[in-house]
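Asks: Okay, here's the prediction I keep looking at, along with the sequence it came from:
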Amino acid sequence: MDHFAYRSRSLYCENIPVAQLAERYGTPLYIYSKATLVHHLHQIQEAFKEVEPLICYSVKTNGNVALCKVMAEHGSGFDVTSGGELHRALLAGGKGEKIVFAGVGKTDAEFRYALDNNVSLFNVESEQELHALGHVAKSMGKVASVALRVNPDLPPKTHAKTDTSVKGVKFGLDIETVLDVAKGILGNPGVKVIGLHMHLGSPILSAEPYRMGVAKALDLIARLREQGHPISVMNMGGGFGIHYRKQEAQPAKAFAEVIVPAVKQAKCKLVLEPGRFVVGNAGLLLSRVIYTKESGGKHFIIQDAAMNDLIRPTLYDSFHRVWPAEPSAEFPNLPEDYEMDVPGGLKVDVVGPVCESGDFLAKGRSLPPMKRGDLLATFSAGAYGMSMSSNYNSRVRAAEVLVDGETSKLIRRRETYQDLVGPELEAMALPN
Ligand code: LLP
């Protein structure tokens with residue numbers, strides 16, 4: 001469910017035509033629907049409410065401070081993976097007791113920053129990290145609470161670049177070694193192992209991997225307790241998938257049905273770190289057609305959003321629905337199936353201005369004929385869109401706008417050429 005819908009052949013975000021937003025803020029433009037964002041957070045809160053989980057919105061998915069503020073206002077904590085993300089979470093009103101810190105390469109400076117702000121849980125991924133954290137915490141007169149991140153060694157379940165629980169990836173402690181590592185840390189005055197963490201990968205379209213994951217977690221929790229670790233937290237990470245093509249995703253309750261009984265059995269506090277499920281379908285990328293052309297027997301729509309704005313299609317071969325914001329009367333408002341040919345449509349590649357053949361948003365798509373100036377919407381772009389954007393080709397980053405009913409608010413202004421070169425000019429002005 002989202003709040004992007006066509007009315008009288010015009011795409012609306014909540015109660016505002018996106019064409020109006022394009023006029024006001026320019027393109028390319030990330031447009032977010034507050035109602036959709038909150039709706040998806042509520043779905044998770046509702047599905048898991050029986051065990052009163054700590055839901056920590058995953059900042060890496062979309063760290064815009066205004067969006068994080070909405071999350072905090074609606075009861076969410078934060079999952080951060082760098083000092084920069086922690087800074088965002090704190091700016092948004094996040095409190096240390098509802099923040100968890102993940103990532104394979106946390107530095108001593110990041111430990112200090114997090115401990116200074118009383119971050120409640122460190123998801124630790126290696127033996128060295130455990131000792132480094134203990135050292136820093138002890139030097140600050142603190143004890144860091146730790147969840148050991150385990151790689152449960154499950155079968156492949158998503159794109160190889162985003163599957164984090166198969167053997168041989170950099171994430172987590174090997175399931176065979178976790179007990180030895182845990183034993184070695186007993187008695188360390190700087191760390192207290194209070195939990196187990198698993199993030200299985202992203203996006204996951206079935207509850208089955210979680211079923212396998214929690215079974216392994218239950219076993220490990222029992223063994224860690226036998227060793228003397230007071231395990232009270234089970235952190236199952238994020239990973240819940242969303243609809244990109246059709247209605248392929250599971251509702252939150254499908255995951256809850258598998259995770260909740262295990263949490264009850266383990267008598268643990270549940271932590272979840274959802275990102276995509278919350279924000280993915282709450283955002284779209286609006287762009288304007290610059291040119292159309294035919295080359296080598298193919299049709300191209302060249303529009304003003306590029307791989308630097310949304311890298312997912314070229315990085316993971318991800319599918320995003322693409323459709324005109326104002327389709328003409330001969331075409332459906334929204335096709336039933338975006339992978340089918342639409343009558344009267346043209347097979348096109350939707351590409352951007354960046355100088356790489358890999359710069360595309362969609363390939364071989366059947367779309368209504370489009371002309372210069374037309375607006376195109378790329379859907380399901382709220383997650384890992386803006387947060388993975390870059391300045392490649394010295395393109396300024398897009399603006400972001402948040403819609404709430406009839407009102408819209410710019411939540412990130414479009415970058416300027418001065419933003420591009422500012423850090424270089426500042427450095428050049430410094431003495432050698
Ligand atoms: N927790 C941890 C430890 C994670 O590494 C991630 C995502 C999440 C939670 C949130 O996962 P989510 O609920 O959003 O699935 N750039 C890729 C996805 C990378 C995911 C990285 N980790 C993409 O665009 O598909």
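Replies: Great, that's in hand.
Asks: Only C-alpha atoms from now on, for both contacts and neighbour counts.
Replies: Noted.
Asks: contacting residues around residue 98?
Replies: Going by Cα atoms under 8 Å, 6 or more residues apart in numbering, residue 98 touches 54, 56, 76, 77, 78, 119, 120.
Asks: need these in a markdown table with neighbour count, pLDDT and distance to residue 382, can you?
Replies: Conversion of those to a markdown table gives the following (neighbours: other Cα atoms under 10 Å; pLDDT from 0 to 100; distance: Cα to Cα, whole Å):
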| residue | neighbour count | pLDDT | distance to residue 382 |
| --- | --- | --- | --- |
| 54 | 24 | 98 | 23 |
| 56 | 25 | 98 | 17 |
| 76 | 23 | 98 | 18 |
| 77 | 28 | 98 | 19 |
| 78 | 34 | 98 | 17 |
| 119 | 22 | 98 | 26 |
| 120 | 17 | 96 | 27 |
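Asks: closest to the ligand among these?
Replies: Checking these against the ligand by Cα to the nearest ligand atom gives residue 56 as the nearest, at 8.6 Å.
Asks: Regarding the closest one, what is its secondary structure?
Replies: Of the three states, residue 56 takes strand according to DSSP: H, G, I helix; E, B strand; the rest coil.
Asks: thought it was touching residue 271?
Replies: Yes: at 7.1 Å, residue 56 counts as touching residue 271 under the criterion of Cα atoms under 8 Å.
Asks: What pLDDT does the model give the residue in the stretch 301-432 of the chain that the ligand sits nearest to?
Replies: Closest contact between the stretch 301-432 of the chain and the ligand, by Cα to the nearest ligand atom, is at residue 384 (4.6 Å). Model confidence at residue 384, given as pLDDT, is 98.
Asks: Next one: the residue nearest to it when sequence neighbours are not counted from residue 243, what distance?
Replies: Spatial nearest neighbour of residue 384, excluding adjacent residues (Cα to Cα, 6 or more residues apart in numbering): residue 61 at 5.0 Å. As for residue 61, its distance to residue 243 is 16 Å (criterion: Cα to Cα, to the nearest Å).
Asks: Those two: who's more crowded?
Replies: Neighbours per residue, other Cα atoms under 10 Å: of residue 61 and residue 243, the larger number sits with residue 61, 21 against 17.
Asks: ok, the more buried one to residue 199 distance?
Replies: Taking Cα to Cα, one finds residue 61 at 14 Å from residue 199.
Asks: go on, residue 402?
Replies: For residue 402, the distance to residue 199 equals 29 Å [Cα to Cα].
Asks: who's more crowded, these two?
Replies: residue 199 (25 against 21).
Asks: Now do the SS call for the more buried one.
Replies: coil.
Asks: you'd agree it is up against residue 239?
Replies: Yes: between residue 199 and residue 239 there is a contact at 7.1 Å, judged by Cα under 8 Å.
Asks: List the residues that are in contact with both of those two.
Replies: Residues touching both residue 199 and residue 239 (Cα under 8 Å, 6+ apart): none.
Asks: now check stretch 22-40, is it near the ligand?
Replies: No: figure legend: stretch 22-40 not in contact with the ligand (Cα under 6 Å from any ligand atom); closest approach 11.7 Å.
Asks: How far does that stretch sit from its chain's centre?
Replies: In terms of Cα atoms, centre = their mean, to the nearest Å, the centre of stretch 22-40 is found 16 Å from the chain centre.
Asks: send the alpha carbons of it over as CSV?
Replies: What follows is stretch 22-40, C-alpha atoms only, in CSV (Å, rounded to 0.1, in the frame of the first residue of the first chain):
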residue,chain,number,x,y,z
ALA,A,22,8.4,19.2,-10.5
GLU,A,23,7.5,22.8,-11.4
ARG,A,24,8.2,24.0,-7.9
TYR,A,25,11.4,22.1,-7.0
GLY,A,26,12.8,21.0,-10.4
THR,A,27,13.9,17.5,-11.5
PRO,A,28,15.4,15.0,-10.8
LEU,A,29,13.4,15.0,-7.6
TYR,A,30,13.0,12.4,-4.9
ILE,A,31,9.4,12.6,-3.6
TYR,A,32,8.4,10.9,-0.3
SER,A,33,5.0,10.3,1.1
LYS,A,34,4.9,10.7,4.9
ALA,A,35,1.7,8.7,5.2
THR,A,36,3.3,5.7,3.4
LEU,A,37,6.4,5.9,5.5
VAL,A,38,4.4,5.9,8.7
HIS,A,39,2.0,3.2,7.5
HIS,A,40,4.8,0.8,6.9
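Asks: in that stretch, what counts as buried?
Replies: Burial within stretch 22-40, assessed by neighbour count using 16 or more other Cα atoms under 10 Å, is assigned to 22, 25-40.
Asks: what mean pLDDT would you report for the lengthiest helix in the chain?
Replies: Longest helix in the chain by number of residues (criterion: DSSP state H): helix 208-227. What helix 208-227 shows for mean pLDDT is 97.
Asks: The next helix or strand after that helix - contacts with which helices or strands?
Replies: Once the chain leaves helix 208-227, the next helix or strand it forms, by DSSP states H and E, is strand 233-235. Using 3 or more Cα pairs under 8 Å, 6 or more residues apart in numbering; DSSP states H and E, the elements in contact with strand 233-235 are strand 191-197, strand 269-272.
Asks: Serialize these to CSV and add fields for distance to the ligand, mean pLDDT and mean neighbour count.
Replies: Formatted as CSV, the helices and strands packed on strand 233-235 follow (distance: least, Cα to the nearest ligand atom, whole Å; pLDDT from 0 to 100; neighbours: other Cα atoms under 10 Å):
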stretch, distance to the ligand, mean pLDDT, mean neighbour count
strand 191-197, 8, 98, 24
strand 269-272, 8, 98, 23
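Asks: Quick one, grab the pLDDT at residue 246.
Replies: Listed pLDDT for residue 246 reads 86.
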